[in-house]
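Enquirer: heads up, no residue letters with this:
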DNA sequence: TGATAATGTTATTGTCAATAACTATCCGCA
DNA sequence: TGCGGATAGTTATTGACAATAACATTATCA
């Protein structure tokens, strides 16, 4: 590979994220979940009365993009919506959603163990702090 | 932010890459380049007779997706194509392409300096090796 | 020479993300 | 209490990057 790009942190970050996403998408595909869907399921476990907007704020997903996402989860019978007031609605897991969430949890946990195992122990513990600084700095 | 996701390396990687890409896209937008376009320009500098397929292999861009990408660069007058034989074509920078490449180089270099500056020095030097292990392990 | 591989292309699809515009509802405060 | 501004949910559209399948043409090499 060309040195012009190999050593650039931005490029390395992009490539690593792409490789990670495509492998994670493959694994989550076995339980019929997209990555964004799985992150919603993982988030709303044991939280009662989380609204769609709130999920979006936490995961940085635009309100507008939550609509089809939650629509798919609801169509798959994984979540239910219950009106809180005239304006907001709670999103909660169905029984089937809880089972699926457990599967997604197992898959992602295993996946991330596999990820970390590929990194030299000398570098391993620095990854999350370094990424955190990039992510939360704006 | 919720601990369920904050500490997951896959999620942190995805979020960091998203934040990075959106800021980089903004900066490259000032010289009318997309990220993928800039990486092509950065790659083909001073390489004569690189074919489209070869660029795609190095950058992991499908042959099919190189077509519109190079088409845009050519329409913008940044590259030229010259037939090597009946089947392959060399991609080379025009004079205007060389100037644009220099701008892109300056922007990305500055950008990545800014990125690295945000990371605690204790973690900084571990980022590229760690990302490299994730990217090149498949 | 003749099968096989490689190149460039068209067309289509998928995933995630961003923006604008709209309706309806809630909430704080004068 | 009523009003204005903020908030929730929605529709529709767009953009960037990536993946797949199919095809015609040309090169390669056994």
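Expert: Cool, the structure landed. In this text the structure is predicted, and so the values were computed from the model without any measurement.
Enquirer: strands of chain A, start to end?
Expert: All strands of chain A, identified by DSSP state E, fall at A:50-51, A:79-83, A:89-93.
Enquirer: quick one: contacts for residue A:122?
Expert: residue B:126 (Cβ atoms under 8 Å, 6 or more residues apart in numbering or on different chains). From N, CA and C alone the C-beta is placed, and that goes for glycine too.
Enquirer: name the nearest residue to residue A:33, sequence neighbours excluded.
Expert: Using Cβ to Cβ, 6 or more residues apart in numbering or on different chains and skipping the chain neighbours, the partner closest in space to residue A:33 is residue A:104 (5.9 Å).
Enquirer: so where's chain A shaky on pLDDT?
Expert: A:1-4, A:6, A:137-138 (pLDDT under 70).
Enquirer: residues of it that sit close to DNA strand D?
Expert: Residues of chain A lying near DNA strand D by Cβ under 7 Å from any atom of the strand: A:14, A:18, A:22, A:51-54, A:63-67, A:70, A:87-89.
Enquirer: got a quick PyMOL command for the buried subset of these?
Expert: Buried residues among these (16 or more other Cβ atoms under 10 Å in any protein chain shown), as a PyMOL selection:
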select buried, chain A and resi 14+51+52+54+66+70+89
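Enquirer: which one of the residues of chain A next to DNA strand D is nearest to chain B?
Expert: Chain B has its nearest neighbour among those in residue A:14, at 5.9 Å by Cβ to the nearest Cβ.
Enquirer: who in chain A is up against DNA strand C?
Expert: Residues of chain A lying near DNA strand C (Cβ under 7 Å from any atom of the strand): A:25, A:34-37, A:60-62, A:64-65, A:85-88.
Enquirer: ok, which pair from those is furthest apart?
Expert: The span of the residues of chain A next to DNA strand C, defined through Cβ to Cβ, is set by A:25 and A:86 at 37.5 Å.
Enquirer: quick one: which of those two has more around it?
Expert: For residue A:25 versus residue A:86, the count of surrounding residues by other Cβ atoms under 10 Å in any protein chain shown is larger for residue A:25: 13 against 6.
Enquirer: go ahead and confirm that one touches residue A:35.
Expert: Yes: assessed by Cβ atoms under 8 Å, residue A:25 is found in contact with residue A:35 at 5.7 Å.
Enquirer: re the thing from before, give me whichever of the strands of chain A is most buried.
Expert: Comparing those by mean neighbour count (mean count of other Cβ atoms under 10 Å in any protein chain shown), strand A:89-93 ranks first with a mean of 20.
Enquirer: so where do the helices sit in chain A?
Expert: With helices called from DSSP state H, chain A shows them at A:3-6, A:9-29, A:35-44, A:52-59, A:63-75, A:95-117, A:121-124, A:127-135.
Enquirer: quick one, which of the ones you listed is nearest to residue B:98?
Expert: Nearest to residue B:98 among these is helix A:3-6 (14.3 Å), distances taken as Cβ to Cβ.
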